[in-house]
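[1] using only what follows, build the 3D model:
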Amino acid sequence: MLDWDGVKTKANADGEFGIHARMWNASLRISIGDQRTRIDIEGGTVKEIQPWHGGGPTDLAISAPQQDWDELLQAVPKPFYQDLYPASIHHGFEITGDRDNYCAYYPAIRRLIEILREVRNAEI
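    Next up, the predicted model:
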């Protein structure tokens, strides 16, 4: 489990995320194994993070088995787990939804993954 409140606070206070996410309006679904979470982003600010129980669309979805997320979120990840793009090519990550949204805001998504990693490793 991740401290999603910590993720929201850290993302909204993070200058790099703020720069890359400016003008980003999207709903993002993160599926870590069977746990699904929805992140609503408005104007580059994380407005809400809540459990996803299905129903309603999202702009972008990132999913993988728990084991792959565990590797991606290690403090020092193994090769091809350092970033979402190689993890989606070489491991079990699946990215679905609006490809234009994904490409335009990939730096923000990458920084969000780094924030997930930082929050996760602060908990251990």
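
[2] where does residue 58 sit: helix, strand or coil?
    Secondary structure, DSSP: H, G, I helix; E, B strand; the rest coil: residue 58 is coil.

[3] show me what contacts it?
    Residues counted as contacts of residue 58 (Cβ atoms under 8 Å, 6 or more residues apart in numbering) are 26, 27, 28, 29, 38, 52, 97. Just so you know, the C-beta spots here come from the backbone N, C-alpha and C atoms, and that holds for glycine as well.

[4] okay, and the helix or strand of the protein with the least pLDDT?
    helix 99-104 (a mean of 92; mean pLDDT, DSSP states H and E).

[5] how far does it sit from its chain's centre?
    Mean C-alpha position of helix 99-104 versus that of the full chain (Cα atoms, centre = their mean, to the nearest Å) differs by 14 Å.

[6] immediately after it, which helix or strand?
    For helix 99-104, the following helix or strand on the C-terminal side (DSSP states H and E) is helix 106-123.

[7] what's that following helix in contact with?
    Under the contact criterion Cβ under 8 Å, 6+ apart, helix 106-123 has outside partners 2-3, 6-7, 10-11, 14, 16-17, 20-21, 24, 28, 39, 44, 60, 62, 72-75, 77, 83-85, 102.

[8] list the buried residues of that helix.
    The neighbour-count check on helix 106-123 (16 or more other Cβ atoms under 10 Å) flags 108-120 as buried.

[9] next one: stretch 17-37
    Using 16+ other Cβ under 10 Å as the test for burial, stretch 17-37 gives 17, 20-21, 24, 26-32, 36-37.

[10] can you tell me which of those end up in helices?
    17, 20, 21 (DSSP state H).

[11] so can I have TSV of these showing pLDDT and distance to residue 90?
    Below are those laid out as TSV (pLDDT from 0 to 100; distance: Cβ to Cβ, whole Å):
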residue	pLDDT	distance to residue 90
17	98	25
20	98	24
21	98	26
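
[12] residue ranges with poor pLDDT in this protein?
    123-124 (pLDDT under 70).

[13] mind redoing it with 90?
    Along the chain, segments meeting pLDDT under 90 span 1, 53-58, 123-124.
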